[in-house]
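Enquirer: Model the following, please.
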Amino acid sequence: MSGTRSLCCHVNTATRASAILYLVFNLLVAVDLTIGIIREKDPITVSYTEMKRTHSNCIFEISTNFITLLLMSFSSVLVMLSHRKGSMCVMPFILFMFLDVALSLLSLFDARFGLPGTPTYGDALRLASNLKGGVRLEGEELSHVTLIFGVLFVMYILLKVYMLQVSIRCYYVLKGDRIPAAENSVMVKLPSYDEALKMKPEATLPNYQEP
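Expert: Below is the predicted model of the structure:
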C-alpha cells in the first residue's frame, strides 16, 4: 500500500506497535533465559550448541545473548522517541529488523546464526519430544511437527518482513516531515521558452522620464 498508511493505520503507528511487540518479545526471551540459568536447564527460546558443555563457552553465549537482547530492546525504545527526535531514531530498529530477517533465514541451515528467540527446527523437535514425555518422535508424528514448524516459521518471517517494511516507510515519512516549509515554497514550475513567448504581458512598463 502506497502513501503513509499501512493496513488500517498510519505507518508511524504501525512502526510503534511493531517496536512494542518486539520489545515485549525480547523481554520474554530474557526472562526465559534467566529462568533457564537459575534452574540450570536449557531455555525454550534460545538454541544452544554443543559448545555450551564448556564452561567458558557457556558464559560467552549467555553474555552475548543478553547483550544482543539489550541492544534490540534499546532500538525498540528509540522508536517511541522518533516523533520528537526525528527519523534517525528509527534507523537502529530498521538495522536490527533487517539483521533479524537475514539471520532467521540462515538459521534454517545452522541454528547458531539465529538471534535470541529465533525458532529453530531442533527446538521444535525438542519441545514436541518433551510434550510426549521425552519419547523420540517417529513417522507421522515427525511429519506433523515438521509441517507445523514450517507454517509457523513462514508466518514468523512474514511478520518480521512486514515490521521491516513499515519501519522503512516510517523513516522516510519522518524524514519528509523535517523538510522546512521554506524549501518547499521555492519549488515552482517555470514555463518553457515557447510558452513564455506566447504569454501576453499584463501591463506595459511606464515610459522612462528624466528627473
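
Enquirer: what ranges do the helices span in the protein?
Expert: 11-39, 55-80, 82-85, 91-106, 121-131, 140-177, 181-185, 193-198 (DSSP state H).

Enquirer: And residue 206, what's its pLDDT?
Expert: On pLDDT, residue 206 comes in at 55.

Enquirer: shift numbering so it begins at 41
Expert: Got it, the first residue is 41 from now on, which makes the last one we talked about residue 246.

Enquirer: isn't residue 196 right up against residue 141?
Expert: No: using CB atoms under 8 Å, residue 196 is not in contact with residue 141, being 9.9 Å away. The way it works is simple: take the backbone N, C-alpha and C, and place the C-beta from them, glycine included.

Enquirer: list the residues that contact both of those two?
Expert: By the contact definition CB atoms under 8 Å, 6 or more residues apart in numbering, residue 196 and residue 141 are jointly contacted by no residue.

Enquirer: need the helices of the chain in TSV with mean pLDDT, distance to residue 152 and mean neighbour count, can you?
Expert: Shown next, in TSV, are those (pLDDT from 0 to 100; distance: least, CB to CB, whole Å; neighbours: other CB atoms under 10 Å):
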stretch	mean pLDDT	distance to residue 152	mean neighbour count
helix 51-79	89	16	17
helix 95-120	87	9	16
helix 122-125	82	33	14
helix 131-146	92	9	18
helix 161-171	79	11	15
helix 180-217	89	17	16
helix 221-225	45	49	8
helix 233-238	68	66	8
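
Enquirer: Redo those helices as a markdown table? Include distance to residue 155.
Expert: As requested, the helices of the chain are arranged in a markdown table below (distance: least, CB to CB, whole Å):
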| stretch | distance to residue 155 |
| --- | --- |
| helix 51-79 | 9 |
| helix 95-120 | 6 |
| helix 122-125 | 22 |
| helix 131-146 | 6 |
| helix 161-171 | 14 |
| helix 180-217 | 10 |
| helix 221-225 | 40 |
| helix 233-238 | 58 |
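
Enquirer: what separates residue 119 from residue 53, distance-wise?
Expert: Distance of residue 119 to residue 53, computed by CB to CB, to the nearest Å: 11 Å.

Enquirer: One more: residue 189?
Expert: According to CB to CB, residue 189 and residue 53 sit 32 Å apart.

Enquirer: ok, now residue 150?
Expert: Counting by CB to CB, the separation of residue 150 from residue 53 is 37 Å.

Enquirer: what do you get for residue 118?
Expert: From residue 118 across to residue 53, the span is 16 Å (CB to CB).

Enquirer: what does residue 184 give?
Expert: For residue 184 relative to residue 53 (CB to CB), the value is 38 Å.

Enquirer: Ok, residue 172 next?
Expert: From residue 172 over to residue 53 the distance is 43 Å, taken as CB to CB.

Enquirer: Could I get the phi/psi values of residue 176?
Expert: Residue 176 adopts backbone torsions of phi -70, psi 140, taken as degrees, to the nearest 10.
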